[in-house]
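Student: give me coordinates for this.
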Amino acid sequence: MFAFVEGVLDLLDTDTCVVDIGGLGINVNITSRCAAQIGSVGDHVKLYTYTQVAEDTFQLYGFNDRDDLDMFRKLVSVSGVGPKSALSLLSVMDADSVRYAVISDDIKALSKAKGISAKTAGKIIIELKGKVDLSDDSIAKKFGGGSVSITPKNELGSEESDALAALVSLGYSEAESSRAILSIEDHGSYDSGTLLSMALKLLYGK
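Tutor: Numbers count the residues shown, from 1 in each chain. The predicted structure follows:
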């Protein structure tokens, strides 16, 4: 219904904000990531929005960019995933990270969000597989390299697999760990210790 809202930020909380549009205050539900990036009260802001209309509900959900909005729409299309759960997921992961988790079958990464159980994460992977890809995302930009292909875990070399296991043991998800390793140029030519060190530098620098 509303493509976006634009005006002066009148109120800001961790999960909601009010945008003043010509004297009319519009309440918008937002992610914690959006809250951290949107600016300060009094700033001019623009949010791309999704409108939820139900029998007794009219809610706006806002995002800093169209990429997160597009992922939000995909998430709420999954059976069992409502707007609150989708917002929770996009509070801890950006759209690129969700894409990568879906493609690499990383249930652990998706289920870190409040309201997303392992079962629901599995549904997200099943229903969105084939609907998301990395052809036009900013993965390469984030990790400072060219395009990053998805290599199945069982096709990684022994050194790469050892480095992946070490990163997972340090608390990183399998998706972000493999993504960091695969973004290293000529990653197949390094030993596990060197790969671990290089991947950690990339992850710390995100």
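Student: tell me the pLDDT of the residue of the chain most remote from its centre.
Tutor: Here the chain reaches farthest from its C-alpha mean at residue 23, the gap being 33.3 Å by Cα atoms, centre = their mean. pLDDT for residue 23: 94.
Student: OK, contacts around it?
Tutor: For residue 23, the contact set (Cβ atoms under 8 Å, 6 or more residues apart in numbering) is empty. Every C-beta, even on glycine, is put in place using the N, C-alpha and C of the backbone.
Student: and for the strand or helix carrying residue 119, what's in contact with it?
Tutor: Here residue 119 sits within helix 118-128, counting by DSSP states H and E. By Cβ under 8 Å, 6+ apart, the residues outside helix 118-128 that reach it are 74-75, 77-81, 85, 101-102, 105, 107-108, 110-111, 116.
Student: what about those, which are in helices?
Tutor: Among these, the members falling in helices (DSSP state H) are 74, 75, 85, 101, 102, 107, 108, 110.
Student: which other helices and strands contact the helix or strand harbouring residue 29?
Tutor: Residue 29 belongs to strand 24-30 when assigned by DSSP H and E. Where contact means 3 or more Cβ pairs under 8 Å, 6 or more residues apart in numbering; DSSP states H and E, strand 24-30 is packed against strand 4-12, strand 16-21, strand 44-54, strand 57-63, helix 83-92.
Student: again, 10 Å this time
Tutor: Helices and strands touching strand 24-30, by 3 or more Cβ pairs under 10 Å, 6 or more residues apart in numbering; DSSP states H and E, are strand 4-12, strand 16-21, helix 32-37, strand 44-54, strand 57-63, helix 83-92.
Student: which of these sits closest to residue 168?
Tutor: helix 83-92 (17.5 Å; Cβ to Cβ).
Student: alright, I will stop here.
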